[in-house]
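K.L.:
Please work out how this folds:
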Amino acid sequence: MKIISKLTVLLLLSSIIVSAQKNIDPTPEDIVLAKKIRESHDKDDVAILESTENINFDLNKNESKVIVNHSVNEKLMNINHRANIQKYEFYDSESKIETFNIKYRNDKNTNNYVVDEFYKDNDLFYNDARVKHTVVNFPVQGYTYNYELEKRYEDVKYFTALYFNDEFPVIKKQIIVTVPEWLNIELKEFNFDSAKVEKSQTKDAKNNTIYTYTLTDIPAIYKEEDSPGRSYLYPHILLIAKSYKLKGKEITLFSSSADLYKWYKSLVDTMKDDTSVMKSKVTELTATAKTDEEKIKNIYYWVQDNIRYIAFEDGIAGFKPDESNHVFENRYGDCKGMANLIKQMLKLAGFDARLTWIGTKHIAYDYKTPSLAVDNHMICTLFYKGKKYFLDGTEKFNSFGEYAERIQNKEVMIEDGDKFIIDKVPVTTNESNKEVFKANLSIENEKLQGNCSKSYLGESRASFLYIYNTFKSDKKNEALEDYLSKSDKNTHITNIKTSDLKNREAKLTIDYTADIENKVSNFDNDLYVDLEYMNEFKGFELKDRKTDYQFDYKKNYESNITLTIPNGYKVTKLPTDLIVKEPNFDIAITFQKTDKEITYKKSFIFKNGEIKAAEMTKWNDFIKKLIANYNQQITFTKQ
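P.N.:
Numbers count the residues shown, from 1 in each chain. Next up is the predicted model:
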């Protein structure tokens with residue numbers, strides 16, 4: 001037997017490794033391509049050169065369900081010097097991942113370590129979502145991998161949307177949907193006007209209809225906070241399976257909003273509420289109420305104050321409300337459980353209250369589209385004296401008859417026995433959320449001193465109460481001083497007096513005394529006063545932003561500062577005014593003087609609670625002018 005030397009073995013291994021490395025290293029053409037793509041996408045490290053998604057359908061005859069088979073094939077390229085990314089895919093009790101592979105360019109498996117675990121999110125108490133994920137390491141520019149995914153959905157109703165955009169830029173994307181003869185499905189297109197999506201329709205040998213959508217040079221999903229939901233921003237397709245044929249019989253799925261409601265109602269009908277456990281609490285809450293409206297408020301506010309909101313998504317429980325007795329006894333629930341508890345408590349008190357499905361402003365669709373993608377929230381509708389009142393237990397400090405911006409003007413689906421009612425949540429104006437700051441100041445020992453006040457209405461009040469109630473009980477006074485001084489060590493707050501902070505209906509007021517240092521300078525015969533110490537929106541530049549900026553609510557902020565002119569001085573210089581009027585925001589900063597005082601007024605009104613992407617240049621120009629305005633001083637000269 002011939003013995004092979006260690007040196008020979010090492011040389012053989014080395015040649016094998018070099019040969020394998022050649023098959024996975026980037027070619028000169030790859031490097032050139034990576035550099036070219038990087039020029040167009042200089043904020044991205046990885047690009048998807050090609051992506052193909054194939055969707056086809058099977059039938060589970062035993063359970064009368066349409067199955068979705070979804071496969072994805074991608075070619076990933078590093079367009080920067082080095083990159084590490086996470087590749088991941090979610091699934092749950094209604095789906096399973098059959099293939100999740102990362103391969104080298106030569107199609108050999110990388111044998112990456114894949115983690116398969118429950119998805120954890122601080123906002124979720126429990127959910128059935130799992131995620132498979134792995135780290136993909138790109139050692140050099142131009143390096144590529146092939147990604148393969150095969151996923152199966154056991155019920156077509158849970159397969160709702162196909163998006164073209166990804167977290168990485170996509171050079172070419174194809175979505176191919178193969179629809180069998182027995183399936184009636186609508187492919188509803190959204191945001192195609194802003195994208196040049198090519199579409200074709202053909203038939204194969206089995207008479208399946210094949211829809212092919214192609215889009216090129218697709219930017220990565222915008223990584224910007226406070227943006228509209230992605231259904232507003234990106235081209236996508238909703239898949240609405242309306243019906244299918246089995247043995248000559250047509251079986252309806254989601255052909256209309258009535259079918260969607262019928263399915264929701266079927267879940268509600270399986271609930272077994274035991275309202276006896278809350279009967280004594282309802283009696284207690286209504287016993288001393290002088291009017292029916294007071295009874296309603298007592299119940300609504302009790303749920304807001306005593307039931308902790310948690311997000312609970314577990315298979316069918318992601319759509320089915322929890323029984324009210326569970327929520328009541330546990331003192332926690334998701335939006336569906338809280339809505340059901342409000343409903344059952346109000347019914348015990350003799351009122352007409354009903355479960356209501358709604359999609360928040362994050363979602364672009366309405367109930368003309370029968371899909372589970374249409375809504376993501378549940379509230380309770382109260383029918384009272386010929387009016388509808390929408391009660392959202394998750395909004396902790398909203399008063400009765402006030403609605404959060406996130407549900408205003410959104411369609412609701414209200415239960416009505418075997419039928420349903422479609423309505424809309426009313427819209428309020430920015431004036432209903434008004435926040436006002438007032439200060440009457442004088443100059444004492446080269447400091448600004450005086451009495452100040454703040455007042456809040458509507459969502460500005462609810463926002464303040466939310467912040468205030470996050471303060472620890474033994475630290476509330478200290479935290480409130482810090483809040484009013486804006487954490488400025490030169491501003492000292494004393495003598496704080498507030499209105500009833502448990503009253504979510506009345507105007508909320510805070511009165512206090514302020515002592516502000518480093519705002520007055522004395523040189524020879526002149527006093528220089530910097531009257532700006534609140535600096536509203538000073539650092540609010542929205543640089544390089546591509547999407548609309550959305551506030552939590554329509555803001556209307558007003559500031560009125562009055563400064564007494566010191567004895568023996570006259571005003572020799574006042575800062576200039578700044579006035580801006582745009583479709584979505586009006587800003588006015590003005591100075592006025594009399595013989596005795598100077599009045600400094602500021603008004604920031606965001607009429608629709610947003611700054612449009614088209615207005616960003618004007619907004620950022622305004623911010624520069626605002627900073628320059630804030631840096632101006634008032635000059636007093638000794639007479």
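
K.L.:
can we go C-alpha only for contacts and neighbour counts from here?
P.N.:
OK.

K.L.:
any idea how far residue 332 is from residue 559?
P.N.:
For residue 332, the distance to residue 559 equals 40 Å [Cα to Cα, to the nearest Å].

K.L.:
show me where the stretch 301-450 of the chain has helices.
P.N.:
Using DSSP state H, counting those that start in this stretch, the helices of the stretch 301-450 of the chain run over 324-330, 335-348.

K.L.:
From the rest of the structure, what touches the longest one?
P.N.:
What that stands for is helix 335-348. Contacting residues not belonging to helix 335-348 are listed as 275, 278-279, 282, 296, 299-300, 303, 307, 309-311, 319-325, 327-328, 332, 352-355, 377-381, 391-394 [Cα atoms under 8 Å, 6 or more residues apart in numbering].

K.L.:
Same check on stretch 351-362?
P.N.:
With Cα under 8 Å, 6+ apart, stretch 351-362 has contacts from 228-231, 339-340, 342-344, 346-347, 365-366, 374-384, 406-408, 410-416.

K.L.:
let's see 7 Å
P.N.:
Residues from elsewhere that reach stretch 351-362, judged by Cα atoms under 7 Å, 6 or more residues apart in numbering: 228-229, 339-340, 343, 346-347, 374-383, 406-407, 410-415.

K.L.:
Just the buried ones from these?
P.N.:
Among the contacts of stretch 351-362, those classed as buried by 16 or more other Cα atoms under 10 Å are 228, 339-340, 343, 346-347, 374-382, 407, 410-415.

K.L.:
Among those residues, which ones are in strands?
P.N.:
Using DSSP state E, 377-382, 411-415 are the members of these that sit in strands.

K.L.:
Residue 119 is nearest to which of the helices of the stretch 301-450 of the chain?
P.N.:
helix 335-348 (20.1 Å; Cα to Cα).

K.L.:
How about residue 611, nearest residue that isn't a chain neighbour?
P.N.:
Of all residues not flanking residue 611 in the chain, residue 549 sits nearest, at 5.1 Å (Cα to Cα, 6 or more residues apart in numbering).

K.L.:
for the one you found, what are its contacts?
P.N.:
By Cα under 7 Å, 6+ apart, the neighbours of residue 549 are 226-227, 610-612.

K.L.:
Test of understanding: give the bridge partners of residue 443.
P.N.:
Beta-bridge partners for residue 443, by DSSP bridges, are residue 448.

K.L.:
count of residues packed around it?
P.N.:
Neighbours of residue 443 under the rule other Cα atoms under 10 Å: 19.

K.L.:
got it, and residue 453?
P.N.:
Residue 453: 20 neighbours (other Cα under 10 Å).

K.L.:
And it, which helix or strand is it part of?
P.N.:
Using DSSP states H and E, residue 453 falls within strand 447-456.

K.L.:
And that strand, what does it pack against?
P.N.:
Contact here means 3 or more Cα pairs under 7 Å, 6 or more residues apart in numbering; DSSP states H and E; on that basis strand 447-456 packs against strand 435-444, strand 508-516.

K.L.:
okay, the angle between the first one and strand 447-456?
P.N.:
If I follow you right, that is strand 435-444. Here strand 435-444 points in a direction 170 degrees away from that of strand 447-456 (axes from the mean of the first three to the mean of the last three Cα atoms, to 10 degrees).

K.L.:
Sort out which residues of strand 435-444 are buried, please.
P.N.:
Within strand 435-444, the residues that count as buried by 16+ other Cα under 10 Å are 435-443.

K.L.:
just stretch 346-366 next, same as before
P.N.:
Under 16+ other Cα under 10 Å, the buried positions of stretch 346-366 are 346-349, 351, 353-366.

K.L.:
Same question for stretch 42-60.
P.N.:
Using 16+ other Cα under 10 Å as the test for burial, stretch 42-60 gives 44-59.

K.L.:
now, which of those lie within strands?
P.N.:
Filtering those for strands - DSSP E - leaves 46-59.

K.L.:
can you pull out the helices in the stretch 451-600 of the chain?
P.N.:
458-468, 476-485.

K.L.:
Including mean pLDDT, could those helices go into TSV?
P.N.:
Formatted as TSV, the helices of the stretch 451-600 of the chain follow (pLDDT from 0 to 100):
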stretch	mean pLDDT
helix 458-468	94
helix 476-485	93
